[in-house]
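# predicted model and sequence below, questions to follow.
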Amino acid sequence: MAKGKKAPQGTLNKVLLHIKKYSPFLVLSVIFAAASSIAMLYIPILVGDAVDLIVSKGNVDFKGVLKIAGEIGAIAAASAFIQWLMNVINNRITYHVVRDLREEAFRKIEILPLKYHDSHLHGETVSRIIADADQFAEGLLMGFTQFFTGVVTILGTLVFMLAINWKIALVVVVLTPLSLFAARYISRKTYKMFKLQSETRGEQTAFTDEMIENQKVVRAFCHEEENLKKFDEINKRLEKSTLRASFFSSLANPTTRFVNNVVYAFVALAGALAVLDIGFTAGAVFTVGSLSVFLSYANQYTKPFNEISGVVTELQNALACAARLFELIDEESQTPDSRDAVILGEISGKVELEDVSFSYTEDKKLIEHFNLRVKPGQRVAIVGPTGCGKTTLINLLMRFYDVNGGSIKVEDKDIRNITRRSLRAGYGMVLQDTWLKSGTIRDNIVMGMPAATEEEVTAAAKAAHSHSFIKRLPKGYDTVIGEDGGRLSQGQKQLLCITRIMLCQPPMLILDEATSSIDTRTEIRIQKAFLKLMEGRTTFIVAHRLSTIREADIILVMKDGKIIEQGNHRELLKKNGFYTKLYNSQFEQTG
Amino acid sequence: MKKLLIYLKPYVKECILGPLFKLLEASLDLIVPLVIAEIIDTGIGNSDSAYIVKMCVLLVALGFIGLGFSATAQFFAAKASAGFIAKIRQVLFKHIQSLSYTEIDEIGTSTMITRITSDANQVHNGVNITLRLLLRSPFIVFGAMIMAFTIDVKTALIFVGAIICLSIVIFGIMLISIPLYRKVQNRLDRVTVITRENLTGVRVIRAFCKEDEEIKKFDDSNEALMKMQQFAGKISALMNPVTYVIINIAIILLIYIGAIRVEAGLLTQGAIVALYNYLSQILIELIKLANLIITITKSVACGNRIQSVLEIESGEKENRENVKLSGKTDSVYAVEFENADLKYKSAADSSLSHIDFKVKKGETVGIIGGTGSGKSSLVNMIPGFYTASKGKVLVDGTDIKDYDLKALREKIGVVPQKAVLFSGTVRENIKWGKGDAGDDEINEALETAQAKEIVDNKKEGLDYYIEQGGRNLSGGQKQRLTIARAVVKKPEILILDDSASALDFATDAALRKAIKNMRGNTTVFIVSQRASTVRYADKIVVLDDGRIAGIGTHDELMDGCQVYREIFESQYKKEEA
């Protein structure tokens, strides 16, 4: 149990830390809560006074009644206004806190090491930032609106009751903790259930995310029924955990209400006896009016306990959600740029790998003690059979992953001492998985150079041979494409990715099978454009085309994630090793 | 939202019993002020302490019975709402799965995911609370009014007036805030899209150092979301204070009119206290109701969004009266295109026109052509992913429109352009092609697809776990596994939609050899950019801008088709030299 409580405790502190920023508003909120609650509490006293002025036929003090009525009106109006202000402030605090949290989480996404993104389901991360944050907001808002008012009402009532008749007040004070105990017990029980519910929900989101994203494949394989079965299985579990969580948490209300009713009965008893002067008299005369005040207080005194217990369950749920959000926020970031990291200025394109070792997991060694010297303007072709881990090298060059041993140097500087920004800006990269953002075609092209002029954009598009198909789209360069390119063909997406690079003309290039989905006629033209682009630029190219490979200055032959041969075309053929085998299999093809 | 309510049908019993028990509990609450009035007028009036004790015991008993009623009500509500939302999620998921390629392109995946997750949660909350509490509040409000009438008709008129004013205020605020919450949800959608994009495009974003810009974009939408939330919140925050003012005006009137009536000897002091208690009860219930309505309006907005997805009709649902289930026919041709055109929904021009050729069973057909020439569209018509806008496509001698889609797709193995694998073991992924495939069959398929070594290199073998999107595999590995997935069922027709693009030439060649040697009389369609891949096909279809530029063998085309010759020469000349 102690363990179960610890998680929400830590989360609570973090939540409080985030609220701290808005403490002036918080103070206002508390003051307003106090003011409006006390005003609301004062009204029953006025009503009680009025009741005492209306005793029986011929025994009514109209003047007094009118005066009291006026007071009630004024106080009610003031209290209502303050209450509205308080609500507005609470909204403000809550939505600001949630906005802050989302911002923080999103910033985290941008600096998490790629290892995290490569090993976590995207759907789950999205669910944390969207659904969990939403649930948290809801709980927090409810907490704010009802918690303070609740507490102030309890305290205020207590003071008023003690002032009127401390003996009866004591009855109330002794009995009400029962209600608290009941609420505490229930909320503790339900926290686990909410957590289970939230976890199952995450599982379902992840599954839905994966299947819906690849809907086309699902349909092609008529896999709908199997998916539905799996979905149903998770859904059943979710239904069960939802049922349990919502039923048990909803018990809090009736239970505390029962306790309230008991308190109410005791107040009625004690109060009635006090009016008859049988017992419970304490100082001042206890009238029927006083009884009416007390009964109304007994109601108001216990109602906040009700609300607070409701709030507590809601907060438990909110905290469970916040905990998942914080889990993301507290995830370890990539090593930040070192303080003395330099900005790469002029890049000639000199790249050196010295004694580099790297592996994704400790138990499977990949690259070990690898050396490579690339002079400015040289072209490095990476070849090897399918799945030999060619992308690993790109991960290292771009510093998506850090080397485990040795160092990579650009312009004689260890890339760990260079700001990531300037390092990556030095490279132009076309990846195998084309990725486009939602926005216009132009937005996508100018990603690397937001200030590009219309002429520059068109020129780049023409050079990359994407101009003609873009022109044919409904709105040309202003055509909005949906998430991940929407209806563009794979080839068109790739052309756009190439245009992107064509525009910003970076000093170094990383091309990862960039042209594999583009038809050969276009490919030839792109090849020419690339040749022009590659002039004087250091290029790393994951290559399939023999012409590219043969013209490369350095060829890295990879197999099973390891670099097994290195040299130029002639040297490697002489070696009569793996490269020769690869080359011959191709030659057999074309011959 | 209305159409969603039919899914509550299996829970009719719960939906009636839940609120019913709640009402029973509420009516007990209504008796309380009467008991108090008795205590004041009879107990205190006659100084009868025994009577007072008796009445107080009655109060406790009422509370206890109320607890039982209420717990029962909660149970029914929880059961109905959990079951209801589970059903909605299931229906929604099923529906989304039935959408055709065209609709999927249009709606976008994140929208659908929000519907099924956060929207569904909101609807759940709404239904649960509605069943539990919604009826209770109006019941107490009107019950209190009726009780007031039993005490004194004239004073009870204050109740009528107050309730009318309250209804106007509550419904007015509701009407204003529902569209506001819809706006909030739309803005939340935008935040979702950006978040997702930054996860899927993390490499590109970092390569272009776009982190700051993306953060700014996120902050802007996040800020816009917050502003809308605050605005909507401001409106709904009016609810409590306004109701409070109305009730207090009623209290003032009650005291004043009560004073007159007591003076006239028409009312007792106890009755005034009872009436006042009823007004307090109304106030308390209304505060609850206001909170309730906020939750409910939110959930109605979410429900509407879910419904709008359910209302999208799948383009694949057509009248299929004489569906052909399966079974081989004696048609010589596996696939026939008869002057077929294809036009996409919102496109102006046809993507394909006058496609007319026949493919015999067992033949290998290469399809080659430039980007956007319609190669993918053409092969996607064979399994009916897109349907011909003119002309027809026949599979096994029967128009595909006359097929049961499932039966049609059973015959066909597709390897899509984008190599997609799902989280799960290699075995599970291959089994997508054939649910009851044994390990022997799987291994055979892996060998055909040149993917055996991928598995052999993993110590887990077929149990090697593939992460979502195949992140722990390279592009080429993924492609080969997707090919294995398609060949495992030994389809009558195999479609390779540019699926060897990430393979090196050697693997590509070996793959083609293996597919050719596959047992059975498989008809193969190979879409490719590479002349080498289609070169040895029995028939090569050359596409240019949506039209057939030539059909024939390599040698025939080299002689008679300029487009083909250009493609071939562009690829080979240099390398053979």
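That came in fine, so what should we check first?
# what are the ranges of the strands in the stretch 301-450 of chain A?
Assigned by DSSP state E, counting those that start in this stretch, the stretch 301-450 of chain A shows strands spanning A:351-358, A:367-374, A:379-383, A:405-410, A:413-414, A:427-430, A:439-440.
# likewise for the stretch 351-500 of chain B?
B:352-360, B:364-369, B:390-395, B:398-399, B:412-415, B:424-425, B:465-466, B:493-497.
# closest one to A:His465 among the ones you listed?
strand B:364-369 (15.5 Å; Cβ to Cβ). From N, CA and C alone the C-beta is placed, and that goes for glycine too.
# now do A:Phe48 against chain B, distance only.
Heads up, residue A:48 is Gly, not Phe. 9 Å (Cβ to the nearest Cβ, to the nearest Å).
# residues in contact with that residue?
A:Thr287, A:Gly289, A:Ser290, A:Ser292, A:Val293, A:Ser296 (Cβ atoms under 8 Å, 6 or more residues apart in numbering or on different chains).
# how about A:Val374?
Contacts of A:Val374 (Cβ under 8 Å, 6+ apart): A:Gly349, A:Lys350, A:Val351, A:Glu352, A:Val380, A:Thr538, A:Ile554.
# ok, what's across the strand from it?
Here A:Val374 sits in beta bridges with A:Val351, as judged by DSSP bridges.
# tell me how many other residues crowd whichever residue of the stretch 451-577 of chain B sits closest to chain A.
Here the stretch 451-577 of chain B gets closest to chain A at one residue, B:Gly476, 2.8 Å apart by Cβ to the nearest Cβ. Counted by other Cβ atoms under 10 Å in any protein chain shown, the residues lying close to B:Gly476 total 28.
# now do B:Asp555
Neighbours of B:Asp555 using other Cβ under 10 Å come to 9.
# so it: helix, strand or coil?
Put simply, B:Asp555 is helix when judged by DSSP: H, G, I helix; E, B strand; the rest coil.
# mean confidence score for the longest helix anywhere in chain A?
In chain A, assigned by DSSP state H, the helix with the most residues is helix A:62-111. Averaged over helix A:62-111, pLDDT sits at 91.
# who are the packing partners of that helix?
helix A:2-20, helix A:23-53, helix A:133-164, helix A:288-329, helix B:153-200, helix B:202-207, helix B:211-236, helix B:239-263 (3 or more Cβ pairs under 8 Å, 6 or more residues apart in numbering or on different chains; DSSP states H and E).
# just send those back as TSV, with distance to B:Lys452 and mean pLDDT too.
Putting these into TSV (distance: least, Cβ to Cβ, whole Å; pLDDT from 0 to 100) gives the following:
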stretch	distance to B:Lys452	mean pLDDT
helix A:2-20	46	67
helix A:23-53	65	87
helix A:133-164	46	82
helix A:288-329	39	79
helix B:153-200	31	87
helix B:202-207	30	80
helix B:211-236	41	90
helix B:239-263	67	89
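# now the ones you listed as a markdown table including distance to A:Ala425?
Output for the helices and strands packed on helix A:62-111, formatted as a markdown table (distance: least, Cβ to Cβ, whole Å):
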| stretch | distance to A:Ala425 |
| --- | --- |
| helix A:2-20 | 34 |
| helix A:23-53 | 41 |
| helix A:133-164 | 32 |
| helix A:288-329 | 28 |
| helix B:153-200 | 19 |
| helix B:202-207 | 9 |
| helix B:211-236 | 12 |
| helix B:239-263 | 53 |
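# go through the ones you listed and name the closest to A:Val263.
helix A:288-329 (5.6 Å).
# dump the residue contacts of A:Leu28.
A:Leu28 neighbours (Cβ under 8 Å, 6+ apart): A:Met86, A:Ile89.
# which residue packs closest to B:Ile382, ignoring adjacent ones?
Using Cβ to Cβ, 6 or more residues apart in numbering or on different chains and skipping residues adjacent in sequence, the residue nearest B:Ile382 is B:Val335, 5.8 Å away.
# my read is the one you found is in a helix, agree?
No: counting by three-state DSSP, B:Val335 falls outside a helix, being strand.
# just to revisit the earlier point, gap between the longest helix of chain A and the chain center?
Relative to its parent chain, helix A:62-111 has a centroid offset of 27 Å by Cα atoms, centre = their mean, to the nearest Å.
# now swap in stretch A:178-191 and tell me
On Cα atoms, centre = their mean, the centre of stretch A:178-191 falls 30 Å from that of its chain.
# break chain B down into its domains, please.
Following automatic domain parsing, chain B resolves into domains at B:2-311, B:333-576.
# out of those, nearest to A:Met398?
Closest among those, using Cβ to Cβ: domain B:2-311, at 6.1 Å.
# between the two ends of that closest one, how far is it?
Length of domain B:2-311, first residue to last, Cα to Cα, to the nearest Å: 12 Å.
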